[in-house]
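*Asks:* Next input, structure requested:
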Amino acid sequence: MKIGKSKVGDSMENMIEAKGLVHEYSRRDENGEITEIKRALDGVDIQVKAGDFIAVLGANGSGKSTFAKHLNALLIPTEGTLFVNGMDTSDYNNDLKIRQTAGMVFQNPDNQIISNVVEEDVGFGPENVGVPTEEIWQRVEKSLKTVGMYSYRKSSPNHLSGGQKQRIAIAGIMAMKPKCIILDEPTAMLDPVGRKMVIDTITELNKKEGITVILITHYMEEVVGADYVYVMSDGKVQMQGKPRQIFANAEELEQYRLTIPEITKIALELNKKGMNIPKDILSAEELVDYLSNLLTILGKERLMLIFAL
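*Replies:* Prediction:
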């Protein structure tokens, strides 16, 4: 279901361009014979322009993490094509440049942090590809300051919270100077405070640094600040549009096993009771503003009567 203007455009303007992307996993028996083929991606078309903040939303098993691995050339298409900044991911000769262009942040930050000191961990990537020492430390300082973790540069990652560790992982990717950052369920293992910390960080990276951000998540609340949202289920893009357009179709989202935010549920219930509340409410602040306006227009007694229905 396409409920917003398509992101399709000139391929030269796109940081990411997937066309008819298919990925199949094969299961083999002890003799090496294929016994089962599962199609994890089924004709996916997604375009991401440079500088955009795009969210790919889907429940577990929807195909979104398989798609994320294609963006970093960790997987290659079974059918169709995927280009990253004009480079074909099916060409093995492009692997290194693709991974330098599109950095990947995974679900568990402990899997990406390898050093015992924060600044050494952030500098590991640039050092590994031969960046001069002076430039490495410049990159480390800038990256840590960008994610708000510079004061922890001498600390051990083991003493940091989950949200802080994930910000260190993001800084490590930033130090490689990518044009695009892909975050695959980066908050799945975090508490609400850590989740907000990470989402605020990547939003700021996008807005202030101009980094293209692709957020893979199953949390609807996390896509509110995105420029555009793709909803995946059964390996396909089922919906696409701006966050408000997506949130306004809560009933369809539930069909794709997504959990509707409580604020959106409240807005929908009030709308059913006859209150002029938009279905595309994105935050508690918006809902309070609308209720305050209604209170002014209808008066307290009439508003309470509607609540009682």
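
*Asks:* Burial check on Trp181, number of neighbours?
*Replies:* Not Trp; residue 181 is Ile. By other Cβ atoms under 10 Å, the residues close to Ile181 number 23. Placement of C-beta: from N, CA and C, glycine included.

*Asks:* hey, what's it bridged with?
*Replies:* Following DSSP bridges, Ile181 is listed with bridge partners Gly103, Val213.

*Asks:* Begin at 734, not 1, for the rest of this chat.
*Replies:* OK, 734 is where the count begins now, so the last one is Ile914.

*Asks:* And for Tyr952, nearest residue in space, chain neighbours not counted?
*Replies:* If the residues on either side of it in the chain are set aside, Tyr952 comes closest to Thr920, at 6.8 Å by Cβ to Cβ, 6 or more residues apart in numbering.

*Asks:* repeat for Ala792
*Replies:* Leaving aside its chain neighbours, Ala792 sits nearest to Arg990 (3.9 Å; criterion: Cβ to Cβ, 6+ apart).

*Asks:* What residues sit buried inside the longest helix along the chain?
*Replies:* Secondary structure assigned by DSSP state H gives helix 925-942 as the longest helix of the chain. Under the neighbour-count criterion of 16 or more other Cβ atoms under 10 Å, helix 925-942 has 927-928, 930-932, 934-936, 938-939 buried.

*Asks:* elements contacting that helix?
*Replies:* Identification of packing neighbours for helix 925-942 by 3 or more Cβ pairs under 8 Å, 6 or more residues apart in numbering; DSSP states H and E yields strand 786-790, helix 866-879, helix 895-907, strand 913-917, strand 945-950.

*Asks:* And the contacts of it?
*Replies:* The contact list for helix 925-942, computed with Cβ atoms under 8 Å, 6 or more residues apart in numbering, reads 784-786, 879-881, 894-897, 899-900, 903, 907, 914, 916, 919-920, 923, 944-946, 948, 952, 955, 958.

*Asks:* Emit the ChimeraX select command for whichever of these are buried.
*Replies:* Applying 16+ other Cβ under 10 Å to those, the buried members can be selected in ChimeraX as follows:
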select :784,785,786,879,880,895,896,897,899,900,903,907,914,916,919,920,923,944,945,946,948,952,955,958
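
*Asks:* Show me the shaky parts of the stretch 884-1033 of the chain.
*Replies:* 1027-1028, 1030-1033 (pLDDT under 70).

*Asks:* so Gln971 sits right up against Leu986, yeah?
*Replies:* No - Gln971 lies out of contact with Leu986 (Cβ atoms under 8 Å); the separation is 9.3 Å.

*Asks:* who's more crowded, the two?
*Replies:* Applying other Cβ under 10 Å to Gln971 and Leu986 shows that Leu986 carries more neighbours, namely 22 against 19.

*Asks:* Can you tell me the SS state at Met972?
*Replies:* At Met972 the chain is in strand, as set by DSSP: H, G, I helix; E, B strand; the rest coil.

*Asks:* Give me the neighbour count for it.
*Replies:* When neighbours are counted by other Cβ under 10 Å, Met972 registers 20.

*Asks:* so what's it bridging to?
*Replies:* Val964.

*Asks:* which residues touch the closest residue to Arg761 other than its chain neighbours?
*Replies:* Among residues not flanking Arg761 along the chain, Ile767 sits closest, at 5.6 Å (Cβ to Cβ, 6+ apart). Residues near Ile767 by Cβ under 8 Å, 6+ apart: 759-761.

*Asks:* is it possible to export these to CSV including distance to Asp778 and secondary structure?
*Replies:* CSV is the format used below for those (distance: Cβ to Cβ, whole Å; DSSP: H, G, I helix; E, B strand; the rest coil):
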residue, distance to Asp778, secondary structure
Ser759, 24, strand
Arg760, 27, strand
Arg761, 30, strand
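
*Asks:* for the record, mean pLDDT for stretch 813-822?
*Replies:* On average, the pLDDT along stretch 813-822 is 96.
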